[in-house]
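Engineer: Sequence first, then the predicted structure:
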Amino acid sequence: MIAVPDTGGQFSTWNNQEQFIYRGRPLELHYQTEPPHGDFIYSLSLSLDGANYRLPLWIYGRSLFFFGTSCLLAESVPVGHISDLKSVVIDLSFPRYALLDSWYHQPRMTDQGLLLTRFYGGAPLLLTPSTPFTWHKFK
């Protein structure tokens, strides 16, 4: 189990199964597949209040960024796929997620919030506590 400091930060994993705990919120990653370039892709499950929830997306095990009171930023793909990457914000306090409009990388905490850079160029995105997300529920 990887205990993420309360300050958050970036982590990566290439294990068949991995557990993280961030601010008392546990999540598990389960290996699903591996694309030709070698990164592992996982399903994510979250345990809250005695119930188990599964993210209806797969996520890459690289560049997992924990931030805020209970959030995880990850690179996601549709279940059963290895491409069509988009970044996703996962709220570990509630079984919900917000799919972002692009694939962002190199997240960096600033005084204003979490600054994200688009992988393919374009305007950066600044995530703050007041950023309006379209939340979707886990399954």
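Structural biologist: Yep, that arrived.

Engineer: tell me which residues of the worst-scoring helix or strand of the chain on mean pLDDT are tucked away?
Structural biologist: Within the chain, judged by mean pLDDT, DSSP states H and E, the helix or strand with the poorest mean is strand 104-109; its value is a mean of 89. Of the residues in strand 104-109, those buried by neighbour count under the rule 16 or more other Cβ atoms under 10 Å are 104-105, 107. For every residue, glycine as well, the C-beta is placed using N, CA and C.

Engineer: residues making contact with the helix or strand just after it?
Structural biologist: Taking DSSP states H and E as the definition, the helix or strand that follows strand 104-109 towards the C-terminus is strand 114-118. Under the criterion Cβ atoms under 8 Å, 6 or more residues apart in numbering, residues 65, 67-68, 73, 87, 100, 102-109, 124-128 lie in contact with strand 114-118.

Engineer: Who does strand 114-118 pair with, and is each partner parallel or antiparallel?
Structural biologist: Next to strand 114-118 in the sheet, as set by DSSP bridges, lie strand 104-109 (antiparallel), strand 125-127 (antiparallel).

Engineer: Please identify the buried residues of it?
Structural biologist: Residues of strand 114-118 classed as buried by neighbour count (16+ other Cβ under 10 Å): 114, 116, 118.

Engineer: Export those residues to TSV and append columns for pLDDT and distance to residue 17.
Structural biologist: TSV is the format used below for the buried residues of strand 114-118 (pLDDT from 0 to 100; distance: Cβ to Cβ, whole Å):
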residue	pLDDT	distance to residue 17
114	93	27
116	94	28
118	86	31
